[in-house]
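>>> Any chance you could fold what I've pasted below:
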Amino acid sequence: MKKMAMIVAYDGTRYYGFQRQSTLPTIQERLEEALFRLHQRKTGVTGAGRTDARVHATGQVIHFMTDLRIPPERWPYALQAFLPEDIQIRAAYPVEDSFHARYSAVGKRYRYRIDRGKMRNLFTRNYALHYPYPLEIDKIKEASSFLLGRHDFSAFAASGSSVKNHIRTLYDIQVVEVGDELQFTFWGDGFLYNMVRILVGTLLEVGGGRRDVKEIVKLLRSGDRTKAGITVPPHGLTLEEVLYPEGTFRLKT
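Okay, here's the model as predicted:
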């Protein structure tokens, strides 16, 4: 038996998140079904993160054990034959037994897309939040700067998580206009439940003039979720990359 890691992309529109559920379609369920068909036995999959319903990924990472003698470069093709069109294996790597898709990770990168066109873009409706309201981008960027570094992000964490430590480090936040889109990209050592979506919702309120730029500092100090902004819908969010210690593996996404 050997351990394999794979980088997986998926369109989350039809799925109820990554993690397997009893009766609802999930990404983990589809991956394990494909591995079962390939191995002719049950093969469990562990993911780097539990993306929510309708959240997408271009760089999700999984690991599993196998006894099949398939070269790493052939694994994406072998498994893809049993997967639906909205899930794609991007790369496969043999890894050490000590590797864990979730616990070996040292960081993640997420992107949230905002469609700012007057009319909703039909072709990005499943991947970007339509938000045709005036925004002051400079204020959003200034507010973002106060989020960088190591903080207690309790004010930006949804309830329902069993995680007790809410201290995380944000290395960088980029706010970029691409055509009619406003894109937020977050790099951090880890993210709390719905953290990115709450951060975006709060920054949109700053850009729309409903919050002062420096209110972000007060929110961080308060640790009070009820004082932060809305949780924006999941479909605009994409897990783009999971980072591991140098020398493990990395695929540019």
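>>> May I have the strands that pair with the helix or strand containing Gln88, each with its orientation?
For Gln88, the enclosing helix or strand under DSSP states H and E is strand 87-95. Strand pairing for strand 87-95, using DSSP bridges, gives strand 2-10 (antiparallel).
>>> Please identify the buried residues of the strand it pairs with?
3-10 (16 or more other Cβ atoms under 10 Å). Just so you know, the C-beta spots here come from the backbone N, C-alpha and C atoms, and that holds for glycine as well.
>>> related to what we said a few turns ago, what's the distance between the strand holding Gln88 and the middle of its chain?
17 Å (Cα atoms, centre = their mean, to the nearest Å).
>>> which parts of it are buried?
When burial is assessed from 16+ other Cβ under 10 Å, strand 87-95 yields the following buried residues: 87-93, 95.
>>> and it, C-alpha only, in CSV?
Provided in CSV are the C-alpha atoms of strand 87-95 (Å, rounded to 0.1, in the frame of the first residue of the first chain):
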residue,chain,number,x,y,z
ILE,A,87,-14.9,17.2,-11.2
GLN,A,88,-11.4,17.1,-12.6
ILE,A,89,-8.2,15.4,-11.4
ARG,A,90,-5.4,17.9,-12.1
ALA,A,91,-2.3,16.1,-10.9
ALA,A,92,-1.3,13.1,-8.7
TYR,A,93,1.8,12.6,-6.5
PRO,A,94,3.1,9.7,-4.4
VAL,A,95,3.7,11.1,-0.9
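>>> packing partners for whatever helix or strand comes next after that strand?
With elements assigned by DSSP H and E, the helix or strand that comes after strand 87-95 is strand 107-115. For strand 107-115, the packing partners by 3 or more Cβ pairs under 8 Å, 6 or more residues apart in numbering; DSSP states H and E come out as strand 129-130, strand 181-188, helix 195-207, strand 237-243.
>>> again, 6 Å this time
strand 181-188, strand 237-243 (3 or more Cβ pairs under 6 Å, 6 or more residues apart in numbering; DSSP states H and E).
>>> Now that strand: buried residues?
Neighbour counts over strand 107-115 (16+ other Cβ under 10 Å) mark 108-115 as buried.
>>> Save those as JSON lines, and put in distance to Thr58 too.
Putting the buried residues of strand 107-115 into JSON lines (distance: Cβ to Cβ, whole Å) gives the following:
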{"residue": "Lys108", "distance to Thr58": "12"}
{"residue": "Arg109", "distance to Thr58": "10"}
{"residue": "Tyr110", "distance to Thr58": "11"}
{"residue": "Arg111", "distance to Thr58": "9"}
{"residue": "Tyr112", "distance to Thr58": "13"}
{"residue": "Arg113", "distance to Thr58": "12"}
{"residue": "Ile114", "distance to Thr58": "18"}
{"residue": "Asp115", "distance to Thr58": "18"}
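>>> out of the residues you listed, who's nearest Leu135?
Distance to Leu135, by Cβ to Cβ, is smallest for Ile114 among those, at 8.5 Å.
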